[in-house]
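[1] Any chance you can model this:
(chains A and B, ligands or ions: 2)
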Amino acid sequence: MRAVTWHGRHDVRVDSVPDPEIVNPRDCIIKITSTAICGSDLHLYDGYIPGMRAGDILGHENMGEVVEVGAKSTLKKGQRVVIPFTISCGSCFFCSKQQFSACDNSNPAETADPSEIAYGHSMGGAFGYAHLTGGYAGGQAEYLRVPYSDVGPIVIPDGLEDDKVLFLSDILPTGWQAAVNCDIEPGDTVAVWGCGPVGLFAIQSAFVLGAHRVIAIDHFPRRLQLAKSMGAEILNYEEVDVRDALNEMTGGIGPDACIDAVGMESHGMSVDNIADTIKAHTYLGTDRPHALRQVILACRKGGRVSIPGVYGGMADKFPIGALMEKGLTVKSGQTHVQKFGRKLLEMIGEGKLDTTFLISHRSSLEDAPDMYRHWHDEQNDYTKIVLKPDMAKGDIKTTKELADVDA
Amino acid sequence: MAGAKSGSGNDLTTGQRVAIGAGAAAAVAGAALLFTRKSGGPSDDKRISDAPSWTLRDTPTGDKGALIGRSVTINLPRREVYDRWRDFTRFPDFMDNVRSVEKLGDRRSRWTIEAPAGKTVELVTEIIHDVPGERIAWKSVEGSEIITAGQAMFSDAPPGRGTVVQLVMTYAPPAGAIGKLVAKLFQREPAIQARRDLRRFKQLLETGEVTVNASPSARKSESPTEARI
Ligand SMILES: [Zn+2]
Ligand SMILES: [Zn+2]
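    Ligands and ions are numbered 1, 2, ... in the order given. Reported below is the predicted structural model:
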């Protein structure tokens, strides 16, 4: 089959590789119909995630049609399913507490050691995201092997097209969990750093969960416009001093809850960020937590900090004093996708969540290397890219073109 | 080591002292110390920590042996976990280097272990202590190519969390050329081997299968049906 493979920093190719096969009784194989490029794929693209090996297949936002099932899979051939990016066994201590992304069994014994050493405990498994999370192939390919297929996949009813449900695999539940982790109370102002896909879904979710106001922070005008279209007030950090602006907009109190939807690759030209960039590129430090620093300093006393943004290693100059003295609560973690999937699917069906507004481009698998480059270099115009294996090479559809066709 | 009361494997200690020859003396003496350290009874030991003995900073290891300890929680009742462990013939399902385990009567088993360079090593173990649902201790019999002793202990995890399995083992490789190979195999990272084996045991019991990342890649050296390491 054809598959999008990682070969090094800024080197993504399309290779012919063997088809996946059923290996364990609970497995299934799906034929991919849609697979998205994620913001966290950029961390791989930039070489920030340790444990990638040349030849790894990318892609953790996947959906498709079931084409093969193991003896213990509960799925049937022909079903359309969305695959959570987190691989979870459904029966360990963590899965039984619905902390699915912490699954104790999904990271194979052979790959569990590095994260146990680095983080104290081994991470759960995930598709297409380096050997730290199990070394599983991703779904930016024609076919994907899905372990524990009786637990993860969300069966999609007829009539809901791919684009509406694809993001149940990661960014929608990730944005939702980010807002849930804010423990939103009536009257709350929620500030969201980063208006990428996760940030945009966090904004939408915060409103659904009862936020009084949402203030969104970024510097790409197109992404800020999308945030505004979701009902958020917006701040371009190149125009305003963000902390000052947030205090003035909240009567001097500060936001009640703050979401860091940026993660380890913060943009921004502050002195601390430049120092972090130099360190990251010389392997002295791994993460650039500029957004997180700002989140902690901006959050009101006794407020909540939610971190859906991905971090991988160590951070320098972490404002632990502000965190402790202001009495902040921090919630974080990879998303417990299986916990939210079915509820969110219902909300999509009822029209309570808009999931397609952020897709800017659709293309074939063969165009993936170009798409990665655009995604990396042109974040203002490329807000979300969906790859469809049945599209022809070069047949790139932008949302504007699709809108013209519909009109 | 006087005063050990319960659950800490004195029988293993005695068994080892009687059964094992000079080659592994250092390792086994270390093991004896470890198995009895956390005794709860009066002792002249000044250490006050309640943690298992194998977490001590000055864990004794002989230069001819390696001693390891590892705990894992398995979300199943204690008796069920014990029963699965007691069936040694199923060890190859989750132990990486073990090719087969053959029953030689109720207490003895013959192990065939894969060594580097396509060689195998044979080992006969004898169960020297067996309390159903609580613990199983074993040691290699005289004449085995590897001298080893071990104990698996089973206890209730906090309510609703299943069973804690604690595995403590010591190895001493044989002499000679094959001994060098085996030493390489077991002493390189015996603790890593043990934690991987225990992890697979947990996977098998909790999920019904051993988790494997087998999947395609663009690396010609790999097959999509074999684990990628
Ligand atoms: Zn993602
Ligand atoms: Zn699990």
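[2] where does chain A dip in pLDDT?
    A:265-288, A:400-407 (pLDDT under 70).
[3] and the residue of it found nearest ligand 1, how many neighbours?
    Ranked by C-beta to the ion, the top residue of chain A for proximity to ligand 1 is residue A:38, at 2.9 Å. Where C-beta positions appear, they are placed from N, C-alpha and C, glycine not excepted. A count of nearby residues for residue A:38, using other C-beta atoms under 10 Å in any protein chain shown, gives 28.
[4] mind listing what it touches?
    Neighbour list for residue A:38: A:60-61, A:170-171, A:197 [criterion: C-beta atoms under 8 Å, 6 or more residues apart in numbering or on different chains].
[5] repeat for residue B:144
    Contact partners of residue B:144, counting by C-beta under 8 Å, 6+ apart, are B:122-125.
[6] quick one, strands of chain B?
    Counting by DSSP state E, one finds strands in chain B at the ranges B:66-74, B:98-104, B:108-114, B:120-131, B:135-140, B:147-156, B:163-172.
[7] so which of the ones you listed gets nearest ligand 2?
    Per C-beta to the ion, nearest to ligand 2 of the strands of chain B: strand B:66-74, 12.0 Å.
[8] gap between residue B:153 and chain A?
    Distance from residue B:153 to chain A, counting by C-beta to the nearest C-beta, to the nearest Å: 19 Å.
[9] Report the beta-bridge partner residues of that residue.
    Residue B:153 has these beta-bridge partners by DSSP bridges: residue B:135, residue B:166.
[10] How many residues are close by it?
    By the criterion of other C-beta under 10 Å, residue B:153 has 20 neighbours.
[11] For chain A, which residues are neighbours of ligand 1?
    Neighbours of ligand 1 within chain A, by C-beta under 5 Å from the ion: A:38, A:40, A:170.
[12] Against residue B:99, how distant is the last one?
    Going back to what we said before, that points to residue A:170. Separation of residue A:170 from residue B:99 (C-beta to C-beta, to the nearest Å): 41 Å.
[13] neighbour-wise, which of those two wins?
    For residue A:170 versus residue B:99, neighbours defined as other C-beta under 10 Å are more numerous around residue A:170 (29 against 13).
[14] Would you list the phi and psi of the more buried one?
    Main-chain torsions, residue A:170, degrees, to the nearest 10: phi -160, psi -70.
[15] Enumerate every residue touching it.
    Shown in contact with residue A:170 (C-beta under 8 Å, 6+ apart): A:36, A:38, A:60-61, A:84-85, A:335, A:337.
[16] Sticking with the closest residue to residue A:255 other than its chain neighbours, tell me its helix or strand.
    Nearest in space to residue A:255, with sequence neighbours left out and distances taken as C-beta to C-beta, 6 or more residues apart in numbering or on different chains, is residue A:191 at 3.8 Å. Using DSSP states H and E, residue A:191 sits in strand A:189-193.
[17] next helix or strand past that strand?
    Per DSSP H and E, the first helix or strand lying C-terminal to strand A:189-193 is helix A:197-208.
[18] Give me the neighbour count for residue A:330.
    The tally of other residues near residue A:330 (other C-beta under 10 Å) stands at 15.
[19] Where does it sit: helix, strand or coil?
    strand (DSSP: H, G, I helix; E, B strand; the rest coil).
[20] for the closest residue in space to it that isn't next to it in sequence, phi and psi?
    Once flanking residues are discounted, residue A:330 sits nearest to residue A:305: 4.7 Å by C-beta to C-beta, 6+ apart. Backbone torsions for residue A:305, taken as degrees, to the nearest 10, come to phi -110, psi 130.
[21] Tell me where chain A has helices.
    With DSSP state H as the criterion, chain A has helices at A:39-45, A:93-96, A:113-119, A:162-165, A:171-180, A:197-208, A:221-229, A:242-249, A:271-281, A:290-298, A:320-325, A:337-349, A:368-377, A:399-406.
[22] before we move on, the earlier item: would you mind giving the strands of chain B as JSON lines with distance to residue A:356 and mean pLDDT added?
    Output for the strands of chain B, formatted as JSON lines (distance: least, C-beta to C-beta, whole Å; pLDDT from 0 to 100):
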{"stretch": "strand B:66-74", "distance to residue A:356": "43", "mean pLDDT": "84"}
{"stretch": "strand B:98-104", "distance to residue A:356": "53", "mean pLDDT": "94"}
{"stretch": "strand B:108-114", "distance to residue A:356": "54", "mean pLDDT": "91"}
{"stretch": "strand B:120-131", "distance to residue A:356": "59", "mean pLDDT": "92"}
{"stretch": "strand B:135-140", "distance to residue A:356": "58", "mean pLDDT": "94"}
{"stretch": "strand B:147-156", "distance to residue A:356": "51", "mean pLDDT": "92"}
{"stretch": "strand B:163-172", "distance to residue A:356": "48", "mean pLDDT": "88"}
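[23] is chain A contacted by the longest helix along chain B?
    Ranked by residue count, the top helix of chain B under DSSP H comes out as helix B:190-207. Yes: contact between helix B:190-207 and chain A, assessed by C-beta under 8 Å from any C-beta of the partner chain, occurs at B:192, B:195-197, B:199-200, B:202-203, B:206-207.
[24] gap between the most centrally placed residue in chain A and residue A:35?
    For chain A, the residue nearest the mean C-alpha position is residue A:171 (4.4 Å; C-alpha atoms, centre = their mean). Residue A:171 sits at a distance of 13 Å from residue A:35 (criterion: C-beta to C-beta).
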